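*Asks:* make a model of this:
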Amino acid sequence: LHQLFFLYFDIDVSFKYYNRRIVMKTITKINFIFLFSFLYNQNVMPGLTIYTPQVAGGGGGGSTTYLKNEDGVTVKTWSHSRGPASMPYMYPDSSILFPYRVQNPTMNAGGVGGGVQRISWEGEILWDYQVSNNDYQHHHDVEPLPNGNVLIMAWERKTGAETYAMGREDINNPLNECWSEAVFEYDPIQDAIVWEWHLWDHLVQDVNPSLPNYGQISDHPELFNINEGNIGGAGGPGGEPNADWLHFNAVSYNAELDQIVFSSRHVNEIFVIDHSTTTEEAAGHTGGQYGKGGDFLYRWGNPQNYDRGGNGNQQLNSQHGVNWINPGFPGEGNFILYNNIYSNNNSAVFELIPPYDGNGGYIIEDGEPFGPTSPTWMHSGGFYSEVQSGAFRLQNGNTLITDANSSRFFEVSPGGSIVFDYTQNGSSMIARAQKYNYDYFQTYDLGDANGDGNIDVLDVVSTVNIILGFSDFTPAADLNQDGVVNVLDVIGIVNIILGG
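*Replies:* Down below sits the predicted model:
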């Protein structure tokens, strides 16, 4: 159902943002004329969508993160002094994780970042961490972990001499460097890296038996062929040369399996590694829950990279945004991703059923590539983006898709019908948007206005301060859930204290 509105407002409008009960409610006076159109029907999933548009200029200037409800209404914004590296994430306490582009990155190619911030609902920067030095440069994605830590992807600078010494035959850039890939786990409490994985520890080459990691490529799907793919080029952002080799662009974590998946645009593959390893085990080929150290547990999309297929076996082209479908969601445990270059200027979203072995590992037959041979679900047609983009399965079975080039995100039903469609005007790109169902957010006790876990006279004082304008609105203070904090809520809290 398409609806077009031309309305004049001079009324008080209440915009609600719910946690499990209510996280935020603001009362706004609107007095303006506006024109808008949207696509909506009753099958849209209730929830909150977060995204950060990139404006012209490569992401180096300021930016704004938006939070919209299922009606397309903006319920919250955060302002940033720097542009986004990719997409923001929300925590259950309503704070956000924001990867951003630093002022002077030490390595510069598409998706460059350098910094990560955790920001409260009120806009306070709770912590700020940068990975931008001579050896490492964060780019693209990050991933919040259940323990409060964060996974951070980074380029790892290798000299030409180091690269040739590992069996590489040619380097395709004037820097005479190779920017390999690393994944770090940052602990904000310790303000330290507590785990790390390096692609450089998991290479294979078949050109020189006197150099490290010599072997037959097809015998080692758990390793990456150092001679696969070009290494950078003469022109990048701003015309600068770069040495971006594999161009990882997304990282996701599966808590149940304790595994990490990431996506490589340049070689058209996704890869899975074991996170249960120690850093020492992650540098080797044994140890961890799955016994393979930091070697690949699974890979999919282009088996030519490990000599177990030809052009006809390639499934992915420049893909982005890989992630596991959440437990309890339709398709749980499957992968979902955005395949940027599918066919005839069309992108596609793929859902894959991995060949699990029953213990969290992955089945692969001798001499054969990893399955599956095709996606179990796909959506294509009417959207195309060469860069970034992504897809997330939602709790009701719909899928949220972001077309980055068009600054557009839309929600499709399992049958492929579009139930919500939004385009951000004035934006050069939206890397990815993500939607959270309301029960993702933390609960609270109505009446506990100061959030200390007790309902007592201090909550009466806090509620009175809200009424008098001395304190910001707190949803727990709206005891009677009428959308307004007033004397009726004070009376209700007093009755609770008195046992009424």
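*Asks:* next one: phi and psi at the closest residue in space to residue 87 that isn't next to it in sequence?
*Replies:* With C-beta to C-beta, 6 or more residues apart in numbering as the criterion, residue 87 has its nearest non-adjacent residue at 4.0 Å, and that residue is residue 432. Bear in mind the C-beta positions are built from the backbone N, C-alpha and C, glycine included. Here is the backbone geometry of residue 432 (degrees, to the nearest 10): phi -160, psi 150.
*Asks:* count of neighbours near residue 432?
*Replies:* By other C-beta atoms under 10 Å, the residues close to residue 432 number 27.
*Asks:* report the separation between it and residue 359.
*Replies:* From residue 432 across to residue 359, the span is 31 Å (C-beta to C-beta, to the nearest Å).
*Asks:* now residue 446
*Replies:* For residue 446 relative to residue 359 (C-beta to C-beta), the value is 44 Å.
*Asks:* thinking again about what came up before, per-residue pLDDT of the residue nearest to residue 87, please?
*Replies:* With respect to pLDDT, residue 432 scores 98.
*Asks:* would you agree it is in contact with residue 389?
*Replies:* Yes - here residue 432 reaches residue 389: they are 6.7 Å apart, a contact under C-beta atoms under 8 Å.
*Asks:* what touches both of those two?
*Replies:* Contact criterion C-beta atoms under 8 Å, 6 or more residues apart in numbering; residues bridging residue 432 and residue 389 by contacting each: 320-321, 402, 404.
*Asks:* now, these that are in strands?
*Replies:* For the shared contacts of residue 432 and residue 389, the ones inside strands are 320-321, 402, with DSSP state E as the criterion.
*Asks:* and residue 446 and residue 359? Which one has more around it.
*Replies:* The residue with more neighbours, out of residue 446 and residue 359 and counting by other C-beta under 10 Å, is residue 446; that gives 20 against 9.
*Asks:* wait, what's in contact with residue 139?
*Replies:* Applying C-beta under 8 Å, 6+ apart, we find residue 139 in contact with 85, 107, 109, 111-114, 153-155, 248.
*Asks:* pretty sure it is in a strand, no?
*Replies:* Yes - checked against DSSP: H, G, I helix; E, B strand; the rest coil, residue 139 lies within a strand.
*Asks:* where's it relative to residue 376, distance?
*Replies:* For residue 139, the distance to residue 376 (C-beta to C-beta) stands at 31 Å.
*Asks:* what does residue 407 give?
*Replies:* 29 Å.
*Asks:* what of residue 384?
*Replies:* Residue 384 sits 23 Å away from residue 376, taking C-beta to C-beta as the criterion.
*Asks:* next: residue 446.
*Replies:* From residue 446 over to residue 376 (counting by C-beta to C-beta), the distance is 43 Å.
*Asks:* please apply the same query to residue 76.
*Replies:* Remark: distance between residue 76 and residue 376 (C-beta to C-beta) = 36 Å.
*Asks:* out of these two, which sits in the more crowded spot?
*Replies:* Set side by side, residue 76 and residue 376 show more neighbours around residue 76, with 20 against 12, by other C-beta under 10 Å.
*Asks:* what sits opposite the more buried one in the beta ladder?
*Replies:* Beta bridges link residue 76 to residue 67 when assigned by DSSP bridges.
*Asks:* buried ones in stretch 280-295?
*Replies:* 281-284, 287-290, 292-295 (16 or more other C-beta atoms under 10 Å).
*Asks:* which of those residues lies closest to residue 450?
*Replies:* Within the set of the buried residues of stretch 280-295, residue 289 lies nearest residue 450; the separation is 42.7 Å, counting by C-beta to C-beta.
*Asks:* what about that closest one, helix or strand, and which?
*Replies:* Secondary-structure element containing residue 289, defined by DSSP states H and E: none, the residue being outside all helices and strands.
*Asks:* for it, give me its contacts.
*Replies:* Contact analysis of residue 289 by C-beta under 8 Å, 6+ apart lists 258, 274, 276-277, 360.
*Asks:* thanks a lot, see you next time.
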